[in-house]
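Asks: Here you go, sequence then predicted model.
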Amino acid sequence: MVCCEGWTGILMKNSSNGEMDSFYAIRPECQADVPKIRFKPRAGKTLSARRWHAAFSQDGHLDIEKVLRRIQRGLEQKGVHPSIKGVVWEFLLGCFDPNSTFDERNELRQQRRQQYGALKAECQKVAPAIGSGKFITTPIITKDGRPIQNPSTTDNLQDDNRATSTPSPFDSPKHDEQHVDDAVPDKKGIQWKLMLHQIGLDVVRSDRALVFYESEANQAKLWDVLSVYAWLDNDIGYCQGMNDICSPMIILIENEADAFWCFERAMRRLRFKLMSFFFFFFFFPKKRENFRCGTSSIGVQSQLSTLSEILKAVDPKLHQHLEDLDGGEYLFAFRMLMVLFRREFSFVDALYLWELMWAMEYNPNMFSSYEESSASADKSSTHDTNDKLLEKCGKFERKNVKTGYKDQHSSLAVFLVASVLSTKNKRFLKEAKGLDDVVKDLGRHYWKSRRKKSMQRGIETSQKVPEQGKEIINVGGEHPSTCY
């Protein structure tokens, strides 16, 4: 098909059988522990490969309005079919401009692949394990930068190294140390190498019920992408939870460089949360009450403050009860916002939720705002609220554009959490005697049975709350220097 041109490297699996198991196969021994999947593609309702291809013009312009309508039409639409999920996400996350042509996207894709290759080559000079098909699970240097002899990896990796005469990428500590000294600043090289084993440990834990990650090569691919990103982003580096965001992209997008840039765009949306996470948990691990907002640490703190204000407006009685339980800071909702409900939903249902939220929050200026070369053009276009722009925005973003409101802290995810809490009003008021009870009741059993209703109520809450006063959703985002 003409609309498939230029998408080499995107995983486009055969969708004829429509069975979810063919895309996200579960290991037999894990079947009993995996929550039941509520998402199932439905012919005529899911955004299928056929409908996706039909949304492109002959030269490659994408009718993004048609795509957004299809995804947003309702919970029964059942999202995006797995065979095209990766390529659709690239547009929803701002990797590509829907107004570009096939040729323009091909050119940009090749440029990005070269850029990723260059970044990976830099990393390989500092840590030769990068790109080796293996990954690290124990420290390779001490805190002062001295190499550790014969760092170990996964058990299978150790067996492989003993069974072959090929030099291991982990067996050159002196060479590795030289690269830290000569190729990069000591501090950056040391800090980055100290992260590598933690990334490896999280990789081992990432979606391990899936057959996909039985492959060491696929685990190494996830480790490479997370490690290169940690090298690129000096402020964040790596935080636990980033593996939960990156893992689906490794599964859905075959080319490693393409998966990296899709993850990088997703991180742009989440980055302010992770900066808060880093500041909050690493600088004040034992004195959380002393945490204060600052220009680089307002992310999750501000989202939790926004959540508090939203619930106070829509359910003041429950809000007061949570405050009485010493839960007024809403830290029990931290994980949900950090990893976008990956731990609360099944793997498949979480992906469906992501793309629904991304579609509703989509802004056509996203691509240009992410491209440094378009910074000046974006500056003039971000305030453009004409009808043409509004038609290409997601439903949630459209209201923000109309009102001139911009605040990342009042994302749709915050309203979803508020709706979940409000839905459980009676149970919390009657049975919750402490925060442990609240956390327990927000566990998987609740989400398994009522996730559709929760999403619908989240959308309804997002529509109702702004009507009660703009100040409700401005808390925590309008004055970054304010301390809470």
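Replies: Everything's here; your move. Numbers count the residues shown, from 1 in each chain.

Asks: State the number of residues packed around the nearest residue to A25 once chain neighbours are set aside.
Replies: Using CB to CB, 6 or more residues apart in numbering and skipping residues adjacent in sequence, the residue nearest A25 is V211, 4.0 Å away. Every C-beta, even on glycine, is put in place using the N, C-alpha and C of the backbone. Residues contacting V211 under the criterion other CB atoms under 10 Å number 14.

Asks: what do you get for the one 5 residues further on?
Replies: Taking other CB under 10 Å as the neighbour definition, E216 ends up with a count of 16.

Asks: That one contacts G133, doesn't it?
Replies: Yes. Between E216 and G133 there is a contact at 7.2 Å, judged by CB atoms under 8 Å.

Asks: Could you check how far the residue nearest to A25 is from M249?
Replies: 17 Å (CB to CB, to the nearest Å).

Asks: Tell me how far R205 lies from L196.
Replies: Distance from R205 to L196, by CB to CB: 15 Å.

Asks: Likewise for V339?
Replies: V339 sits at a distance of 21 Å from L196 (criterion: CB to CB).

Asks: For the two, indicate the residue with more neighbours.
Replies: With neighbours defined as other CB under 10 Å, V339 and L196 compare such that L196 has more, 28 against 19.

Asks: pLDDT value on the more buried one, please?
Replies: On the pLDDT scale, L196 is placed at 96.

Asks: tell me which element it falls in.
Replies: helix 186-205 (DSSP states H and E).

Asks: confidence score at S276?
Replies: For S276, the predicted pLDDT is 49.

Asks: next one: the one 4 residues further on
Replies: Turning to F280, the model gives it a pLDDT of 47.

Asks: what about the residue nearest to F23 when sequence neighbours are not counted, neighbour count?
Replies: Ranked by CB to CB, 6+ apart and with sequence neighbours excluded, the top spatial neighbour of F23 is P82, at 4.0 Å. Residues near P82, counting by other CB under 10 Å, number 24.

Asks: that older thread, which residues touch the residue nearest to A25?
Replies: 25-27 (CB atoms under 8 Å, 6 or more residues apart in numbering).

Asks: measure I250 to I130 for me?
Replies: In terms of CB to CB, I250 sits 15 Å off from I130.

Asks: Which one of those two is surrounded by more residues?
Replies: It is I250, of I250 and I130, that has more neighbours when counted by other CB under 10 Å, with 28 against 24.

Asks: Can you list the low-confidence ranges for the chain?
Replies: 1-21, 38-43, 74-78, 150-185, 271-301, 372-385, 404-410, 443-484 (pLDDT under 70).

Asks: same thing but 50
Replies: 1-18, 155-185, 276-298, 373-384, 409, 444-446, 448-449, 467-484 (pLDDT under 50).

Asks: May I have the phi/psi pair for E397?
Replies: phi -70, psi -30 (degrees, to the nearest 10).

Asks: Which helix in the protein has the most residues?
Replies: The longest helix of the chain (DSSP state H) is helix 102-126.

Asks: Next, the buried residues of it.
Replies: 102, 104-106, 108-109, 112-113, 116, 119-120, 122-126 (16 or more other CB atoms under 10 Å).

Asks: Okay, angle between that helix and helix 186-205 too, please.
Replies: 110 degrees (axes from the mean of the first three to the mean of the last three CA atoms, to 10 degrees).

Asks: and I253, what are its phi and psi?
Replies: phi -120, psi 120.

Asks: Surely C123 is in contact with S132?
Replies: No. Applying CB under 8 Å, one finds C123 not in contact with S132, separated by 11.2 Å.

Asks: And the furthest pair within the buried residues of helix 102-126?
Replies: F102 and V126 (36.8 Å; CB to CB).

Asks: before we move on, the earlier item: what helices and strands are in contact with the longest helix of the chain?
Replies: helix 173-183, helix 186-205, helix 216-232, helix 256-278 (3 or more CB pairs under 8 Å, 6 or more residues apart in numbering; DSSP states H and E).

Asks: residues making contact with the second one?
Replies: If I follow you right, that is helix 186-205. Counting by CB under 8 Å, 6+ apart, 126-127, 129, 135-141, 143-145, 151, 153-154, 179-180, 183, 219, 222-223, 226-227, 230-231, 234, 237-238, 240, 243 sit against helix 186-205.

Asks: what comes up buried for that helix?
Replies: 189-190, 192-204.

Asks: Stretch 212-225 now?
Replies: 212-213, 216, 218-225.

Asks: Now do the helix holding L196 and helix 216-232, the angle between them.
Replies: 150 degrees.

Asks: for the residue nearest to F23, helix, strand, or coil?
Replies: coil (DSSP: H, G, I helix; E, B strand; the rest coil).

Asks: ok, now how distant is it from V228?
Replies: Counting by CB to CB, the gap from P82 to V228 is 26 Å.

Asks: Contacts only, for the nearest residue to E264 once chain neighbours are set aside.
Replies: In this structure, E264 finds its nearest non-sequential neighbour in Y229, 6.5 Å apart by CB to CB, 6+ apart. The contact partners of Y229, by CB under 8 Å, 6+ apart, come to 238, 242, 246, 260, 263-264, 267.

Asks: got it, and N234?
Replies: Contact partners of N234, counting by CB under 8 Å, 6+ apart, are K188.
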